[in-house]
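S.K.: Got a predicted structure plus its sequence, pasted below:
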Amino acid sequence: MSTALKSIKSLAPLLDRVLVQRIKAETKTASGIFLPESAVKELNEAKVLAVGPGGLDKEGKRVQCSVKPGDKVLIPQYGGSPVKVGDEEYALFRDYELLAKINE
Amino acid sequence: MSTALKSIKSLAPLLDRVLVQRIKAETKTASGIFLPESAVKELNEAKVLAVGPGGLDKEGKRVQCSVKPGDKVLIPQYGGSPVKVGDEEYALFRDYELLAKINE
Amino acid sequence: MSTALKSIKSLAPLLDRVLVQRIKAETKTASGIFLPESAVKELNEAKVLAVGPGGLDKEGKRVQCSVKPGDKVLIPQYGGSPVKVGDEEYALFRDYELLAKINE
Amino acid sequence: MSTALKSIKSLAPLLDRVLVQRIKAETKTASGIFLPESAVKELNEAKVLAVGPGGLDKEGKRVQCSVKPGDKVLIPQYGGSPVKVGDEEYALFRDYELLAKINE
Amino acid sequence: MSTALKSIKSLAPLLDRVLVQRIKAETKTASGIFLPESAVKELNEAKVLAVGPGGLDKEGKRVQCSVKPGDKVLIPQYGGSPVKVGDEEYALFRDYELLAKINE
Amino acid sequence: MSTALKSIKSLAPLLDRVLVQRIKAETKTASGIFLPESAVKELNEAKVLAVGPGGLDKEGKRVQCSVKPGDKVLIPQYGGSPVKVGDEEYALFRDYELLAKINE
Amino acid sequence: MSTALKSIKSLAPLLDRVLVQRIKAETKTASGIFLPESAVKELNEAKVLAVGPGGLDKEGKRVQCSVKPGDKVLIPQYGGSPVKVGDEEYALFRDYELLAKINE
């Protein structure tokens, strides 16, 4: 038996969980010079890839997530559950852990 | 008196508990070469074997588990109660601890 | 005044508590050779001897325990309150601490 | 002003508290030989002397204690508030901390 | 501006707080010999001086305190907020922290 | 941009917060001799300057604070959020942290 | 893919979160002399830039934030999630963490 998770698209978050991918910072300057890895600052911005059906309130009703796939969001510095598919890294957050939506 | 647990199939999780078996990573490469044990990465993917009847909400109603036997799921890095039958290892998680379903 | 607890049968668990006795592992091999004590692994399997009337929900109604006397159950590695009668050891768990029923 | 607590009988537990006295272990053997103090094991059995009127549930109704004066109970190894009157020691537990009733 | 608290009688506890004064232990023996300070055991008995109007339950109704001024009570070994007026020491406890009433 | 808080009067506590100023202890004796700073004991008495509109209960209704501006109160030894305007120090407490009112 | 957050104006706080910018302390004296950086005290005053739609109460209704954009507020000494856009620093607080409004 080997990995069942062949594509991130096959991941369906449970309850109020939100699957995100961190937005990568620029690795070269405006003039095209590549920055050394140590100079690339990690961003707390992420793109929402999938959302769960929502958690349950005290009366058993679903509480919809406050973001949807495609949204860009500000994620907290720490926390979240890391997921890796191939070389790409993703993370799962609870909906209430997301800080803000980034409108474009 | 000796072990009552002769087959994992006789285990019926209580409340909102979910019995899973971790999916084993490949131990040989595509070309058939066996990997040394230290090179085999542990996966956080698991197969659901059995689910409990669900926990009770504040009004005493059952809250059904969000996964069912046969589902593949992403489990958290830590946590869960280990169960061993013969040489096989299993784990019990609370339903809300499971991170995501893996669709195929 | 001396011990009031002369038989484990006189113990009636309160609220949602469940009285269990751990199932002892085999101390001899199939061919009848006795195993040294250090080779006998402690099992997390137990037999339910008695159950309490159940805890109270928010409206004051009893929530029945999910197991009954005679059931075999998987108990957590740690926790529970030990009880000793003579040389026999027993333990009391809260109903929600029990992990799974072992069907036969 | 000196101690107001001259007899344990004047102590009326508040809310869901239960006043108990630990049952003392035998200090001599069946054949009448006195055991050295270090050989006398402390028992977790106690006699209920008085119970409070019960705690209040979310709607302000009293939740009656699950034991009554005269009951023998199994108390947890640790916890409880000690009370001393003269040379005698007693303890106060919350009703839900008591483990089991000992029927005779 | 100097102390506003000139008499303990001007102190009106808020919510479910209870103002008590610890009962002092005898400092001389029955035959009138004064005990050295180190031999005077601190008592966990206290006299209720004033009670607050009671805390609020989930529906905003007052939950009356379970003791009244003049009552003698058993207080826990630790906890409570100390208050000092002149040389006298007092303490404020939450109503639910009081262990028992001492009837006379 | 410089400090927006030019007078303590412009501070309006939010929710169930209460703005108080600690009452300063006498710094000279009755006969007019100034006490060295080390001999001036800090008092846990404070004057209420402003109160918030009250927190929200489970049904979304405001729970009024139990004190009002001008009240003198006993504050806990520790806790509270310090506020400084010029050389004066103030503190913000949650209403339920205040211990007692001091009547005059 | 590079930063999605090009202007702080594109940040829409989620749930009961409030986006604020700390008010900078004067860096020169009244007479125009610039203060060394070590002499500039950090203020706990902030300007509200944006507020979330409000958290959800137990019945799933939105609880509106108690401040609005443009309000000046007192923020706690510690806590909040930092956000950086270019060289400017901002912070996100939960509505209930804000201490007081500063009226002008």
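M.R.: Happy to help now that I have it. Numbers count the residues shown, from 1 in each chain, chains lettered A, B, ... in the order given.
S.K.: separation between the closest residue to A:Asn103 other than its chain neighbours and chain B?
M.R.: Spatially, and ignoring its direct neighbours in sequence, A:Asn103 is nearest to G:Ser10 (4.6 Å; Cβ to Cβ, 6 or more residues apart in numbering or on different chains). Quick note: C-beta positions are derived from backbone N, CA and C, even for glycine. When distance is defined by Cβ to the nearest Cβ, to the nearest Å, G:Ser10 is 29 Å away from chain B.
S.K.: Tally up the residues packed near G:Ser10, please.
M.R.: Using other Cβ atoms under 10 Å in any protein chain shown, G:Ser10 has 16 other residues around it.
S.K.: Ramachandran angles for it?
M.R.: phi -90, psi 10 (degrees, to the nearest 10).
S.K.: residues contacting the residue of chain A at minimum distance from chain E?
M.R.: At 12.7 Å from chain E, A:Lys58 is the closest residue in chain A, using Cβ to the nearest Cβ. Applying Cβ atoms under 8 Å, 6 or more residues apart in numbering or on different chains, we find A:Lys58 in contact with B:Asp57, B:Lys58, G:Lys58.
S.K.: ok but the second one is inside a helix, no?
M.R.: No - the secondary structure assignment for B:Lys58 gives coil rather than a helix, going by DSSP: H, G, I helix; E, B strand; the rest coil.
S.K.: Surely A:Gln21 touches A:Ala46?
M.R.: Yes - here A:Gln21 lies in contact with A:Ala46, judged by Cβ atoms under 8 Å, at a distance of 6.1 Å.
S.K.: what is in contact with those two at once?
M.R.: Both A:Gln21 and A:Ala46 are in contact with A:Ala91, where contact means Cβ under 8 Å, 6+ apart.
S.K.: Which residue of these two possesses the greater neighbour count?
M.R.: It is A:Ala46, of A:Gln21 and A:Ala46, that has more neighbours when counted by other Cβ under 10 Å, with 24 against 16.
S.K.: so what pLDDT did the spatially most central residue of chain A get?
M.R.: For chain A, the residue nearest the mean C-alpha position is A:Val20 (1.4 Å; Cα atoms, centre = their mean). Per-residue confidence at A:Val20 stands at 98 (pLDDT).
S.K.: Would you mind confirming that it is in contact with A:Ala91?
M.R.: Yes - assessed by Cβ under 8 Å, A:Val20 is found in contact with A:Ala91 at 5.7 Å.
S.K.: Need the overlap of contacts for the two.
M.R.: What both A:Val20 and A:Ala91 touch, as defined by Cβ under 8 Å, 6+ apart, is the set A:Ala46, A:Ile75, A:Gly80.
S.K.: tell me which of those residues is nearest to C:Ser66?
M.R.: Distance to C:Ser66, by Cβ to Cβ, is smallest for A:Gly80 among the shared contacts of A:Val20 and A:Ala91, at 33.6 Å.
S.K.: Please enumerate the strands of chain A.
M.R.: In chain A, the strands defined using DSSP state E lie at A:11-13, A:17-22, A:45-51, A:55-56, A:62-63, A:72-74, A:81-85, A:88-94, A:100-102.
S.K.: so, in contact with chain G or not, the third one?
M.R.: Yes - contact of strand A:45-51 with chain G (Cβ under 8 Å from any Cβ of the partner chain) involves A:Glu45, A:Lys47.
S.K.: Fine by me, thanks again.
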